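Participant: Structure here, sequence nowhere to be found:
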């Protein structure tokens with residue numbers, strides 16, 4: 001059964017990676033729109049959608065496009081959850097529920113982490129403590145810190161939850 005779960009996970013990731021790499025930007029709106037909504041909510045600034053570029057805000061000098069979709073982070077979180085935990089889940093039904101739950105969790109976390117990364121980058125750049133020309137570096141460094149930090153936190157959280165459930169994991173799911 002684990003092999004089946006691995007195959008389904010790879011198919012989901014292959015499809016999302018294909019959309020990310022080769023599809024039109026419209027194919028990524030399922031993840032871009034919620035990110036833009038959260039960024040707009042926190043900044044109080046609206047964004048305009050352009051089909052070739054993404055969501056733009058000239059005042060903030062921000063373009064939330066293909067590169068900001070969070071597809072790679074979604075893929076990493078999903079693979080991490082499945083490969084680290086599926087062997088501990090007992091029963092076919094529980095494994096399928098865990099797979100579906102992991103996909104939903106990975107999607108939601110990708111949106112939250114991506115939006116928080118963009119918001120933090122905007123905040124740091126607004127402090128004007130970095131010289132001009134370092135915007136891309138600040139953006140990338142913030143991304144590395146956020147993505148790695150959240151990956152460690154997610155792995156730690158799931159490990160604690162699963163260890164706490166012990167042999168009763170199958171009954172709880």
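Facilitator: Perfect, I can see it now. Predicted model only: the values in this text are computed from it and were never measured.
Participant: C-alpha from now on. contacts and neighbour counts both.
Facilitator: OK.
Participant: Excluding covalently adjacent residues, which one is nearest to the most centrally placed residue in the chain?
Facilitator: With distances taken as Cα atoms, centre = their mean, residue 110 lies nearest the centre of the chain, 1.6 Å away. Among residues not flanking residue 110 along the chain, residue 74 sits closest, at 5.3 Å (Cα to Cα, 6 or more residues apart in numbering).
Participant: Surely the residue nearest to the centre of the chain is in contact with residue 78?
Facilitator: No: shown here, residue 110 and residue 78 do not form a contact pair, counting by Cα atoms under 8 Å, at 10.0 Å.
Participant: Show me where the chain has its helices.
Facilitator: With DSSP state H, the ranges of helices along the chain come out as 2-22, 29-43, 71-85, 92-126, 135-165, 169-172.
Participant: Off-centre distance for the fifth one?
Facilitator: In other words, helix 135-165. Here the centre of helix 135-165 is set off from its chain's centre by 10 Å, with Cα atoms, centre = their mean, to the nearest Å.
Participant: and what of stretch 122-134?
Facilitator: 24 Å.
Participant: measure that stretch end to end?
Facilitator: For stretch 122-134, the first-to-last residue distance is 13 Å (Cα to Cα, to the nearest Å).
Participant: which parts of it are buried?
Facilitator: 122, 124-125 (16 or more other Cα atoms under 10 Å).
Participant: Could you give the number of residues near the residue nearest to residue 110?
Facilitator: 26 (other Cα atoms under 10 Å).
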